[in-house]
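J.: Below: sequence and its predicted model.
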Amino acid sequence: MNMRLIAFGGDERMRGALLAAGRAGWETLHIEDAADVPDEMPPAQAVMLPWPRSFREERLISAKGGLERERVLALIPACRAVLAGGDVKDDELAQTALVVRPEKDETFLRKNARLTAEGALATVMRVKKRALMRETALVTGYGRIGREMTARLCALGMFVIVCARSEEQMRMAHAAGAHPVPLAQIAAACRQADVIINTIPAHVLGDAALAATARDTPIIELASAPYGLEMQKAVKLGLQVCVESGLPGRYAPLDAGEALFDALTRAMGTRKEDAQCAT
């Protein structure tokens, strides 16, 4: 039996997911607005809604304008799995046996971190307008994104300072070729930095850190709200802040979409690698 994926709305990431599904031999149907709804919904093994959010102001997130939330949820056929944004509750998807949450998939999160780091590096190169070798970078945080960012910056020959929360993270940063510094010394690190990349969703770049930052040192903000600094204070000081949250969907949407489809099929156990492991 052919596998079918029905996708609702989304941006370029959804196109990437549909292309990945096609390469895997799945039949696909993409519904972006009322004109795309068939007279009779075909059966499907899986459904994808936009991620990380599926709706905005009770309408489907879609390039074509979208459909009302109530209608979209009613259109979803009985199926094995639905990948949904965090704004859709499990009890709204009673017609599926499995609700897939990519944010709980470690393999997906690692790939997302790699895409984020690569996109952030492109941003750094664009705003610096000069070669990065022999420059000094400050990375705040050493989680998934911080680790991927540090590896790329070190590979370019930069002197990389990592401000981390724990002794273990600082040891890992040192082993990766970076210079670890506790968060308590972040102001001194900002004074040395030619570029600052924040990955911590908390105001770790306080008043002293912002005051120590040179006006020509860009701050690349990769964390989600409330971000690593108070934006109004940074603007008042004349600092250049590039808010780059959700980079994979903008920098490499086709790869980000493929990662979402992989998360879906991994949860369903339909990937060839999973089948081989099962045998």
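T.: Arrived safely, thanks for sending. As the structure is a computational prediction, the values presented were derived from the model and not from experiment.
J.: for the stretch 101-250 of the chain, what spans make up the strands?
T.: Using DSSP state E, counting those that start in this stretch, the strands of the stretch 101-250 of the chain run over residues 136-140, 159-164, 179-182, 195-198, 219-221, 241-243.
J.: Quick check: Gly25 touching Asn2?
T.: Yes: the pair Gly25 and Asn2 qualifies as a contact (Cβ atoms under 8 Å) at a distance of 7.5 Å. (Glycine included, C-beta is placed from N, CA and C.)
J.: Let me see the backbone angles for the residue of the chain most remote from its centre.
T.: Distance from the C-alpha centroid of the chain, by Cα atoms, centre = their mean, peaks at Asp39 (35.4 Å). Dihedral pair for Asp39: phi -60, psi -40, per degrees, to the nearest 10.
J.: ok, now Leu5?
T.: According to degrees, to the nearest 10, Leu5 has phi -120, psi 130.
J.: Quick one: residues contacting it.
T.: Contacts for Leu5 were tallied using Cβ atoms under 8 Å, 6 or more residues apart in numbering; they are 17-18, 21, 26-29, 44-48, 261, 264.
J.: Can you list the low-confidence ranges for the stretch 101-250 of the chain?
T.: Along the stretch 101-250 of the chain, segments meeting pLDDT under 70 are nowhere present.
J.: Tell me which stretches of it form helices.
T.: Applying DSSP state H, counting those that start in this stretch to the stretch 101-250 of the chain gives helices spanning 106-128, 144-155, 167-175, 186-192, 207-212, 231-236, 247-251.
J.: For Ala34, find the nearest of those helices.
T.: Nearest to Ala34 among the helices of the stretch 101-250 of the chain is helix 247-251 (24.8 Å), distances taken as Cβ to Cβ.
J.: List the buried residues of the closest one.
T.: 247-249, 251 (16 or more other Cβ atoms under 10 Å).
J.: continuing past that helix, what's the next helix or strand?
T.: Next along the chain after helix 247-251, taking DSSP states H and E as the criterion, comes helix 253-268.
J.: which other helices and strands contact that following helix?
T.: helix 12-23, strand 46-48, strand 79-83, strand 96-100, helix 106-128, helix 247-251 (3 or more Cβ pairs under 8 Å, 6 or more residues apart in numbering; DSSP states H and E).
J.: Point out the most buried one among these.
T.: strand 46-48 (a mean of 27; mean count of other Cβ atoms under 10 Å).
J.: That one packs against which elements?
T.: strand 4-8, strand 79-83, helix 253-268.
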